[in-house]
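**Q** sequence and predicted structure below; questions after.
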Amino acid sequence: MILHPFRIQFTLLCVAALAWPTVLAQNLSDTLITVVESRLAQSAKRSWELGTQAQALLELNSPSYSVLSPQSLPPAPQIPLNMTDSMNTVLSIAHNVVANRTISNGNITGPQPLMNDTSAGDPASIGVAVLLASYTGQWSKDGLNYAGAAQDQLDYLLEVVPHTSDGAISHLVHEVQLWSDSVYMVPPYLAYYGVIFQNATILFQAYNQIRLYRSYLLDSSANNLWRHILLGAGAEDQGHWSTGNGWAAAGMLRVLATIRNSPFNSSMTSEQTDLINWINEIHTAMYTNLDSNFVFRNYADQELSSTNFYDAASTALMASTVYRLSLIAGVDTYIPQAENSRKVLSQAMPGSVTTGANLLWVPPASSSTSSRPGSIPGATTTTKAASASHSSSVAKPPLPSTTPSSSLSTVSLPSTALGGMSGSTITLTIANGTLVPPAATPQPSFCPISMNSTATTTTATISTAPASQAKRTLASIPPTNSTTTVPFGLTTCIMPPVVTTTTTITAPTPTATLPPDSPGTLVHFTSEGWLTPVVNPYNNGIEGTDSPESEAFVIMMEAAYRDWAAMNASRTTSKSKNAAIQHSSVAWVWGSICIGVVLHCILL
């Protein structure tokens with residue numbers, strides 16, 4: 001039996017469990033990921049949001065049913081008992097969509113999308129979840145015709161939706177228009193359908209659609225970045241939208257993995273080579289435009305401005321594709337850049353953990369470049385006009401003890417804050433809640449101490465609050481008349497103020513401290529667990545908030561990173577074991593030689 005290289009990788013993942021605690025040290029916590037999953041579940045309503053949610057959850061919670069895992073396709077037809085909970089949300093999405101599609105589509109029969117939508121491509125993104133529901137026998141539990149729904153969606157794409165003259169399926173229903181987003185929505189569905197029903201023609205069509213879209217949208221004059229929207233009577237967007245490039249790379253990866261894990265692997269080697277090269281092509285184009293912040297701009301090759309802001313969403317999505325390409329094809333070229341981006345998105349908030357400040361925030365524009373088709377009528381989207389204040393819905397941990405904490409802080413203030421001389425600085429030391437005044441520094445221009453009868457007195461009262469709060473308390477002391485000038489011989493001298501400190505030690509006000517990477521304690525997550533800053537998913541030319549797809553991208557990045565880190569740990573373990581074996585072998589060889597020499601000498 002010949003072992004498939006991809007399956008060998010899966011076996012090594014098990015070995016990686018030995019190194020797992022070390023590997024996960026820099027991960028986003030399970031607590032935060034759970035909050036992100038919750039935000040995604042409550043906000044995903046549009047067709048592509050539901051499809052992306054289903055895929056993200058498969059990658060994180062049910063990898064054996066994700067095409068990106070190194071397991072043979074089709075998957076196991078019966079879901080193991082220990083996976084029923086993790087698969088529940090994905091299957092619920094499929095159930096709700098299929099149960100309501102007749103009403104959604106106006107009671108029509110025959111070819112139709114899984115959801116009514118002005119986009120032809122977006123509803124197909126739910127197709128993988130529907131095919132899984134059919135293949136794992138959910139119809140026997142709820143009586144829904146999942147296979148029929150999947151067939152209708154396929155026929156709709158091939159027979160009803162308009163195509164270009166060379167066969168590219170339009171992303172819109174009413175006219176031919178190609179969007180880079182569509183590469184994530186349609187080809188992965190076609191590929192999975194082809195594998196489930198053992199249809200090589202449909203599987204090849206998945207590859208062919210990517211080839212056609214690339215021929216239109218790739219911009220060779222921009223280092224092979226992909227344009228966002230071309231063709232049609234509506235507005236084009238020939239800019240190089242970062243999320244659009246991420247959608248394309250992620251869609252290609254799913255098709256690549258589907259082919260590689262299928263029975264058609266050996267007959268489609270050239271197609272796999274193309275897909276690997278095309279994904280790497282996008283990576284090269286995108287990461288060339290990554291600046292020192294390691295976060296992509298909304299339009300990758302445009303300068304930062306009020307209309308072109310930093311976008312954490314596309315950054316997370318693109319990083320996930322880098323990890324996946326390394327896992328599937330062994331291409332590690334942009335792993336360092338992906339790691340930098342992931343670490344930035346996991347960065348702790350400096351100072352206070354309660355602020356939702358965004359270090360990369362740029363005021364959003366008031367106009368948009370393009371609007372997402374299929375938006376719910378009357379729905380509104382909040383765009384960020386200022387830093388938002390969020391109250392976390394996550395349960396708070398127990399309050400800390402009110403015992404004064406032991407700390408040592410140094411605070412430098414303008415001397416006028418304590419009645420000192422203008423233009424100088426006083427440094428105060430706070431040790432365990434006690435204000436220690438600075439040592440006096442003799443100044444030859446000061447008046448003799450005997451003349452110090454008109455000096456002013458300032459009293460400072462502090463508590464054992466954190467150093468940052470103590471600094472604000474001291475700095476708020478109003479200035480007094482800080483100097484007095486009196487005659488002294490033929491010149492003048494400066495009468496120094498007398499600084500008297502009265503220390504009052506009080507217990508700090510109990511505050512609920514959050515775990516190190518809870519929502520609101522990270523730079524790029526609000527207190528409610530939303531990734532920030534992000535593009536408005538419904539008007540991609542302006543900044544938005546609370547984006548469902550961005551939450552899915554976080555899950556994809558984390559799932560891909562965990563798989564990649566586990567694989568990396570297994571490789572390290574294997575290398576260490578091999579090195580130990582080699583060292584042992586060398587030792588035995590030298591030992592044998594030494595024994596031989598000794599015996600030779602004895603015999604002589």
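**A** Good, I have the coordinates. Residues are numbered from 1 along each chain as shown.
**Q** residue ranges in the stretch 151-300 of the chain under the pLDDT threshold?
**A** The stretch 151-300 of the chain contains no residues with pLDDT under 70.
**Q** sketch out the strands for it, chain order is fine.
**A** Along the stretch 151-300 of the chain, counting by DSSP state E, counting those that start in this stretch, strands occupy 178-179, 218-219, 225-226, 229-230.
**Q** one more: the chain?
**A** Per DSSP state E, the chain has strands spanning 178-179, 218-219, 225-226, 229-230, 408-414, 425-431, 434-436, 457-458, 484-488, 491-495, 498-499, 534-535, 543-544. These are given in chain order.
**Q** looking at the chain, which helix or strand does the model trust least?
**A** helix 467-475 (a mean of 34; mean pLDDT, DSSP states H and E).
**Q** and residue 420, what pLDDT?
**A** The predicted structure scores residue 420 at 40 on the pLDDT scale.
**Q** cool, residue 306 as well?
**A** Turning to residue 306, the model gives it a pLDDT of 84.
**Q** separation between it and residue 543?
**A** 9 Å (C-beta to C-beta, to the nearest Å). From N, CA and C alone the C-beta is placed, and that goes for glycine too.
**Q** how many neighbours does residue 163 have?
**A** Applying other C-beta atoms under 10 Å, we find 15 residues neighbouring residue 163.
**Q** meant to ask about residue 350
**A** Residue 350 sits with 10 neighbouring residues when counted by other C-beta under 10 Å.
**Q** tell me the contacts of it?
**A** Residue 350 sits next to residue 523 when contact means C-beta atoms under 8 Å, 6 or more residues apart in numbering.
**Q** and if you look at residue 331?
**A** If you count contacts by C-beta under 8 Å, 6+ apart, residue 331 has them with 276, 279, 280, 325.
**Q** can you count the residues close to the third one?
**A** In this case it means residue 280. The tally of other residues near residue 280 (other C-beta under 10 Å) stands at 18.
**Q** now do residue 549
**A** 26.
**Q** hang on, it packs against residue 50?
**A** No: contact criterion C-beta atoms under 8 Å: residue 549 and residue 50 do not qualify, at 10.6 Å.
**Q** let me see the confidence value for residue 539.
**A** Looking at residue 539, its pLDDT reads 94.
**Q** swap in residue 27?
**A** pLDDT recorded at residue 27 is 73.
**Q** and it, how close does it get to residue 122?
**A** Residue 27 sits 31 Å away from residue 122, taking C-beta to C-beta as the criterion.
**Q** of those two, which one has the most company?
**A** Neighbours around residue 27 and residue 122, counted as other C-beta under 10 Å, are more numerous at residue 122. The numbers are 30 against 16.
**Q** tell me who's in contact with the more buried one.
**A** By C-beta under 8 Å, 6+ apart, the contact list for residue 122 reads 46, 47, 48, 51, 115, 171, 181, 185, 373, 374.
**Q** could I get the pLDDT score of it?
**A** At residue 122 the predicted local distance difference test score is 99.
**Q** show me the protein divided up by domain.
**A** The chain breaks down into these structural domains: 1-42+289-374+521-570, 408-499 (assignment by automatic domain parsing).
**Q** would you single out the least confident of those?
**A** Within those, confidence is poorest for domain 408-499, with a mean of 43 (mean pLDDT).
**Q** nearest to residue 243 among the contacts of residue 122?
**A** residue 181 (8.0 Å; C-beta to C-beta).
**Q** next, count neighbours for that closest one.
**A** Applying other C-beta under 10 Å, we find 27 residues neighbouring residue 181.
**Q** thinking it is in contact with residue 124, fair?
**A** No: here residue 181 lies out of contact with residue 124, judged by C-beta under 8 Å, at a distance of 11.4 Å.
**Q** ends of stretch 103-120, how far apart?
**A** Across its full length, stretch 103-120 reaches 18 Å between end residues, using C-alpha to C-alpha, to the nearest Å.
**Q** list the buried ones in that stretch?
**A** Buried residues in stretch 103-120, defined by neighbour count with 16 or more other C-beta atoms under 10 Å: 104, 105, 111, 112, 113, 114, 115, 116, 117, 119, 120.
**Q** can you name the two of the residues you listed that are farthest apart?
**A** Taking every pair in the buried residues of stretch 103-120 and measuring C-beta to C-beta, the maximum separation is 15.9 Å, between 111 and 119.
**Q** just the CA trace of stretch 251-268, in PDB.
**A** Output in PDB follows, covering the C-alpha atoms of stretch 251-268 (Å, rounded to 0.1, in the frame of the first residue of the first chain):
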ATOM      1  CA  GLY A 251     -11.300  29.500  -2.700                       C
ATOM      2  CA  MET A 252      -8.400  28.100  -4.700                       C
ATOM      3  CA  LEU A 253      -7.100  26.400  -1.600                       C
ATOM      4  CA  ARG A 254     -10.400  24.600  -0.900                       C
ATOM      5  CA  VAL A 255     -10.500  23.400  -4.500                       C
ATOM      6  CA  LEU A 256      -6.900  22.300  -4.400                       C
ATOM      7  CA  ALA A 257      -7.400  20.300  -1.200                       C
ATOM      8  CA  THR A 258     -10.600  18.800  -2.500                       C
ATOM      9  CA  ILE A 259      -8.800  17.500  -5.600                       C
ATOM     10  CA  ARG A 260      -5.800  16.300  -3.600                       C
ATOM     11  CA  ASN A 261      -7.900  14.300  -1.100                       C
ATOM     12  CA  SER A 262     -10.200  12.800  -3.800                       C
ATOM     13  CA  PRO A 263     -10.000   9.700  -5.900                       C
ATOM     14  CA  PHE A 264      -9.200  12.000  -8.900                       C
ATOM     15  CA  ASN A 265      -5.900  13.200  -7.300                       C
ATOM     16  CA  SER A 266      -3.500  11.300  -9.700                       C
ATOM     17  CA  SER A 267      -5.500  12.300 -12.800                       C
ATOM     18  CA  MET A 268      -5.400  16.100 -12.000                       C
END
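**Q** quick one: buried residues of it?
**A** Within stretch 251-268, the residues that qualify as buried are 251-262, 264-265, 268, counting by 16+ other C-beta under 10 Å.
**Q** in helices, which of the residues you listed fall?
**A** If you go by DSSP state H, the buried residues of stretch 251-268 have 251, 252, 253, 254, 255, 256, 257, 258, 259, 260 in helices.
**Q** now, among these, which is nearest to residue 346?
**A** Nearest to residue 346, judged by C-beta to C-beta, of those is residue 253 at 22.3 Å.
**Q** for that closest one, give me its contacts.
**A** Contact partners of residue 253, counting by C-beta under 8 Å, 6+ apart, are 68, 275, 279, 321, 324, 325, 328.
**Q** next, the buried residues of stretch 142-152.
**A** Residues of stretch 142-152 classed as buried under the neighbour-count rule (16+ other C-beta under 10 Å) are 144, 146, 147, 149, 150, 151, 152.
**Q** now do the contacts for residue 153.
**A** When contacts are counted by C-beta under 8 Å, 6+ apart, residue 153 is found next to 112, 113, 114, 123, 124, 127, 130, 189.
**Q** typo on my end, it should be residue 319
**A** 338, 341, 342, 345, 557, 560, 561.
**Q** farthest-apart pair in those residues, please.
**A** Longest distance between any two of the contacts of residue 319 is 13.1 Å, between 345 and 560; criterion C-beta to C-beta.
**Q** so which of those two has more stuff around it?
**A** Using other C-beta under 10 Å, the more surrounded residue of residue 345 and residue 560 is residue 560, with 27 against 24.
**Q** what's the local residue count around the residue lying closest to that one once chain neighbours are set aside?
**A** Spatially, and ignoring its direct neighbours in sequence, residue 560 is nearest to residue 323 (3.8 Å; C-beta to C-beta, 6 or more residues apart in numbering). Look at residue 323: counted by other C-beta under 10 Å, it has 29 neighbours.
**Q** please apply the same query to residue 72.
**A** Counted with other C-beta under 10 Å, the neighbours of residue 72 add up to 14.
**Q** can you check residue 302 too?
**A** Using other C-beta under 10 Å, residue 302 has 14 other residues around it.
**Q** so who does it touch?
**A** Contacts were defined as C-beta under 8 Å, 6+ apart; by that measure residue 302 touches 239, 240, 308.
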